[in-house]
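1. build me a model:
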Amino acid sequence: MVTEIVKKYGNFADALVLGFSIESYTHSSSGKGNIEVLIHCMNGENDFEWEQVKLVFEEVMCFRFIENRNTSSVVINAAILNHENDEITFDFFPLMFNHEFVENPASDFVIKCKRIKYSVV
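-> The predicted structure is shown next:
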C-alpha cells in the first residue's frame, strides 16, 4: 500500500491537511489506535489533478503534532512515507539533505504506525 500511495501522490508537494481524527484503544491489550487524516493533494497518475484523500493510519505507535505561532503545521511543502522494519513513518515536515528527504526528529507532524490505507473522498 505504501508503494501505491507514493506512486500516486509522490512527496505530497503543496498539500493541505484539512483535518484529522484520533481513535484510541486504551482498553485493548495493544493500546494502539487509529488516526485518519484528510488531505488535499495532487495525484501524479491523474495529470496532477487535486484530490481529497483520506489516509488511515492503523496501530499507531507514535503521533506528534505541534502547531506553532505564526506558522501552519497543516500546509505541507513535501512529506516522506517510509516503510522499514515493520513500521511505517509518515513525516509531514522532513529534512532535506543533498536533494533527499530524511525523517526529521523534531518534525511538527509525524505519524508512525503498523499499517496504512487510503481512499479518495
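
2. my guess is residue 38 meets residue 121, correct?
-> Yes. Using Cβ atoms under 8 Å, residue 38 is in contact with residue 121, at 6.8 Å. From N, CA and C alone the C-beta is placed, and that goes for glycine too.

3. looking at those two, which has the bigger crowd around it?
-> Neighbour totals were compared for residue 38 and residue 121, and residue 38 leads with 15 against 11 (other Cβ atoms under 10 Å).

4. what helices or strands is whatever helix or strand that one lives in leaning on?
-> Secondary structure assigned from DSSP states H and E places residue 38 in strand 33-43. On a contact count with 3 or more Cβ pairs under 8 Å, 6 or more residues apart in numbering; DSSP states H and E, strand 33-43 meets helix 2-9, strand 15-23, strand 49-65, strand 109-120.

5. redo that, cut-off 7 Å
-> Judged by 3 or more Cβ pairs under 7 Å, 6 or more residues apart in numbering; DSSP states H and E, strand 33-43 is in contact with helix 2-9, strand 15-23, strand 49-65.

6. what residues are shared contacts of residue 38 and residue 121?
-> 52, 54 (Cβ atoms under 7 Å, 6 or more residues apart in numbering).

7. who's in contact with the residue nearest to the spatial centre of the chain?
-> Centroid check for the chain by Cα atoms, centre = their mean gives residue 90 as the closest residue, at 4.1 Å. Residue 90 makes contacts with 79, 81, 110, 111, as judged by Cβ under 7 Å, 6+ apart.
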